[in-house]
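**Q** Here is a sequence together with a model predicted from it:
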Amino acid sequence: MNRLRTILLLAGVLLVAAAIAGVAQPRLGRSATPSAGTVITVTGDGTVDATPDRASFNFGVTTRGATAAEALSRNNSEARRIIDALKEAGIDASEIQTTQVSLWPQTSSNGNTITGYQASNSVQVTAGLGRSGALVDAAVRAGANNVDGPSLDTADKSSLYGEALKKAVADAKVKAQAIADGAGLTLGTLVKVEEGGNAAPPVPMFAADKAAVSVPIEAGTQQIQASVTVTYSAT
């Protein structure tokens with residue numbers, strides 16, 4: 001009987017010791033999972049004003065004829081005159097591009113009889129803004145009876161967009177700092193930055209600048225826009 005009591009007593013002591021050891025070393029058998037850090041994500045916007053220095057026009061001619069061949073032949077001759085006039089005005093062949101050639105029948109008022117044919121040809125021309133008015137004059141004198149434009153652009157758009165991106169990043173940092181201050185946090189390092197999208201189309205601002213000598217073409221101002229999404233760490 002005494003021996004049995006001794007065995008039971010020893011077993012109890014061992015159980016108590018094991019329990020104490022488990023309390024003293026709670027990390028045994030567990031893996032530590034760090035909590036995610038605080039981050040601040042904002043979108044920044046940047047804008048750069050630019051004065052357009054390029055202009056694009058579509059010059060077209062429409063002719064009529066009793067037959068399709070006659071209408072098209074007349075149109076070919078007129079279109080060639082316009083192209084030659086543009087080249088004589090100093091436009092390189094690489095800046096002249098045909099954008100449309102079309103031919104369609106004309107019918108009587110009831111739509112039952114073909115009364116003739118109409119042909120059309122259009123070319124797009126891109127040149128420096130200062131020459132655009134003279135080009136319109138040259139094309140019209142050569143026979144153009146359709147003029148569409150101008151579409152204004154800036155030759156150095158890539159570098160201007162780069163400047164807009166820099167301003168967007170700076171704008172994002174100001175916003176992130178304001179959020180951190182409002183939340184009682186300390187703004188940390190830049191974790192991630194992504195371009196917010198492709199270059200936005202230039203936004204025209206109609207404050208006139210310079211006019212061409214002949215047909216008045218006002219340059220105005222365009223805005224090159226960019227945006228970025230930026231993430232900062234915070235503590």
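**A** That came through, no problem.

**Q** What are the boundaries of the helices in this structure?
**A** Remark: helices assigned in the chain by DSSP state H are 2-24, 68-88, 132-141, 157-182.

**Q** among those helices, which gets the worst mean confidence?
**A** Ranked by mean pLDDT, the helices of the chain bottom out at helix 2-24, with a mean of 45.

**Q** May I have the beta-bridge partners of residue 234?
**A** Residue 234 has these beta-bridge partners by DSSP bridges: residue 38, residue 187.

**Q** pretty sure it contacts residue 189?
**A** No - Residue 234 is not in contact with residue 189 according to Cβ atoms under 8 Å; the separation is 9.7 Å. Quick note: C-beta positions are derived from backbone N, CA and C, even for glycine.

**Q** Single out the most deeply packed of the helices of the chain.
**A** Most buried of these, by mean neighbour count (mean count of other Cβ atoms under 10 Å): helix 132-141, with a mean of 20.

**Q** Relative to residue 61, how far out is residue 78?
**A** For residue 78, the distance to residue 61 equals 4 Å [Cβ to Cβ, to the nearest Å].

**Q** which neighbours do the two share?
**A** Common contacts of residue 78 and residue 61, defined by Cβ atoms under 8 Å, 6 or more residues apart in numbering, comprise 121, 143.

**Q** still on that earlier bit, want to throw the helices of the chain into CSV with distance to residue 230?
**A** Output for those, formatted as CSV (distance: least, Cβ to Cβ, whole Å):
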stretch, distance to residue 230
helix 2-24, 47
helix 68-88, 47
helix 132-141, 40
helix 157-182, 4
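
**Q** my guess is residue 175 contacts residue 44, does it?
**A** Yes - proximity of residue 175 to residue 44 meets the contact threshold set by Cβ under 8 Å, at 6.5 Å.

**Q** who does residue 223 bridge with?
**A** Bridge pairing for residue 223 - DSSP bridges - gives residue 49, residue 203.

**Q** What about it, how many residues nearby?
**A** 16 (other Cβ atoms under 10 Å).

**Q** what do you get for residue 184?
**A** By the measure other Cβ under 10 Å, the count of residues near residue 184 is 7.

**Q** And it, how close does it get to residue 234?
**A** 10 Å.

**Q** same question, residue 152
**A** Going from residue 152 to residue 234 by Cβ to Cβ gives 44 Å.

**Q** swap in residue 117?
**A** To residue 234, residue 117 is 72 Å away according to Cβ to Cβ.

**Q** quick one on the thing from earlier: have a look at residue 234 and residue 189 and say which one is more surrounded.
**A** Neighbours of residue 234 and residue 189, each counted by other Cβ under 10 Å, are more numerous for residue 234; the result is 19 against 7.

**Q** surely residue 98 meets residue 121?
**A** Yes - contact criterion Cβ under 8 Å: residue 98 and residue 121 qualify, at 7.1 Å.
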